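A.B. asks: pasting the sequence and the predicted model now:
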Amino acid sequence: MIIGTIVMAVLAVLILITHQVRLASIKDLKQKHDYLSESDVKMKMRSIWLFAGAALFLLNTVYKPTMEIHYVWFIVRLFITFCISTLIVYISYLMYKYSYPARLDKKLKELRFKPRISSSGNKMRLLSEEEEDVHLDEGMQAEEDVFSVDYDVWVDEQTGEIKIEKYAGRLEANKCNTCGFYTMKLKHEEIIEPATAVREGELIQHWVCSYCGAKRTKPVRIAKLEEGQEFKLPANLKFKDGRQIEAVKVQIHLSDGTTKEFEFQNAEQASKFLDTYQDEIDQDNALYK
Ligand SMILES: [Zn+2]
């Protein structure tokens, strides 16, 4: 038990150290961002599993004289310590699922928007959504138009050096097998068997690539769905003293109690996003009706 405790605890600490060292060794801000968003929670949870294992081993060394009375006490101890370890893992899991993402998101934003340094050592400037289009090819623009991928374009205004970084967008689009861009969107769905309040149905999805026009069909089961609401931004946004809009934040509260948040640089982009989002809701409702 003691050996088990030590091995588990050492491994738990080693994982945390490896994680920090790896993070510190990545100099490129974009790579740091990607590593953090990909591995931070994974590595920390792994360490917590091992820590819970260490606790399990350690707690199974207590009350030794009682264990010698009857083997039943050994089983009782095993059961209780198992519950404690499970609780450690479960509470950590809840923490990483509900409270940690906001903190991680803040760190990720800092990494994403910290000014980049060009190869000649100058501070680069992040272009706005309106300015960046000339630097993106048609496929990239198509991906941005369906909100599946977000491109950040940095420019060194002295040398004209350009750096393009790719981030996950706010909505899902599938990768097109023909052109390779994330522009495969659901165009319409054909109901083969309608779903009722109690039974699942079946439909055929027709996917079209908004960039190269490739088509694909896919059979899907229909689940029972709730009716949604309409999402729209006021047509004329006016602010005190003619202030300019710096960012538009859209918060969508879903009927299952969860909230989704999206940020945009201007009202026009946010409105377009809401239309796209509305289309997806309408498709869901069409299935329901
Ligand atoms: Zn395509």
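C.D. replies: It's in.

A.B. asks: so for the host helix or strand of Ala52, what's the average pLDDT?
C.D. replies: In the assignment (DSSP states H and E), Ala52 maps to helix 29-59. Here the mean pLDDT over helix 29-59 is 94, rounded to a whole number.

A.B. asks: list the contacts of the following helix or strand past that helix.
C.D. replies: Later in the chain than helix 29-59, the nearest helix or strand by DSSP H and E is helix 64-69. Here helix 64-69 makes contact (C-beta atoms under 8 Å, 6 or more residues apart in numbering) with 73-74, 77. All C-beta atoms are positioned from the backbone trio N, CA, C, and that covers glycine.

A.B. asks: return the member of those nearest to Val7.
C.D. replies: Each of the contacts of helix 64-69 was scored against Val7 by C-beta to C-beta, and Arg77 proved nearest at 20.3 Å.

A.B. asks: tilt between the helix or strand harbouring the closest one and helix 29-59?
C.D. replies: Following DSSP H and E, one finds Arg77 within helix 71-94. Going by axes from the mean of the first three to the mean of the last three C-alpha atoms, to 10 degrees, helix 71-94 is angled at 160 degrees with respect to helix 29-59.

A.B. asks: name the next helix or strand following helix 71-94 along the chain.
C.D. replies: Counting by DSSP H and E, the next helix or strand C-terminal to helix 71-94 is helix 100-113.

A.B. asks: beyond that next one, next helix or strand please.
C.D. replies: Later in the chain than helix 100-113, the nearest helix or strand by DSSP H and E is strand 125-126.

A.B. asks: for that following strand, give the mean pLDDT please.
C.D. replies: Regarding strand 125-126, the rounded mean pLDDT is 92.

A.B. asks: correct me, but Thr159 touches Ser120?
C.D. replies: Yes: Thr159 is in contact with Ser120 according to C-beta atoms under 8 Å; the separation is 5.4 Å.

A.B. asks: quick one, which of these two is more surrounded?
C.D. replies: Legend: neighbour count by other C-beta atoms under 10 Å for Thr159 and Ser120, higher for Thr159 (13 against 9).

A.B. asks: tally of neighbours for the nearest residue to Cys176 once chain neighbours are set aside?
C.D. replies: What sits nearest to Cys176 in space, not counting adjacent residues and going by C-beta to C-beta, 6 or more residues apart in numbering, is Cys209, at 4.0 Å. Counted by other C-beta under 10 Å, the residues lying close to Cys209 total 26.

A.B. asks: from Thr86, how far out is the nearest residue to Val62 once chain neighbours are set aside?
C.D. replies: Spatially, and ignoring its direct neighbours in sequence, Val62 is nearest to Arg77 (7.4 Å; C-beta to C-beta, 6+ apart). As judged by C-beta to C-beta, to the nearest Å, Arg77 and Thr86 stand 15 Å apart.

A.B. asks: what about the two, which has more around it?
C.D. replies: Counted by other C-beta under 10 Å, Arg77 and Thr86 do not tie: Arg77 has more neighbours, with 18 against 12.

A.B. asks: distance of the more buried one from Arg112?
C.D. replies: Distance from Arg77 to Arg112, by C-beta to C-beta: 49 Å.

A.B. asks: same check on Gln141?
C.D. replies: In terms of C-beta to C-beta, Gln141 sits 20 Å off from Arg112.

A.B. asks: just His206 next, same as before
C.D. replies: Taken as C-beta to C-beta, the span from His206 to Arg112 is 35 Å.

A.B. asks: the more surrounded of those two?
C.D. replies: More crowded of His206 and Arg112, by other C-beta under 10 Å: Arg112, with 17 against 14.
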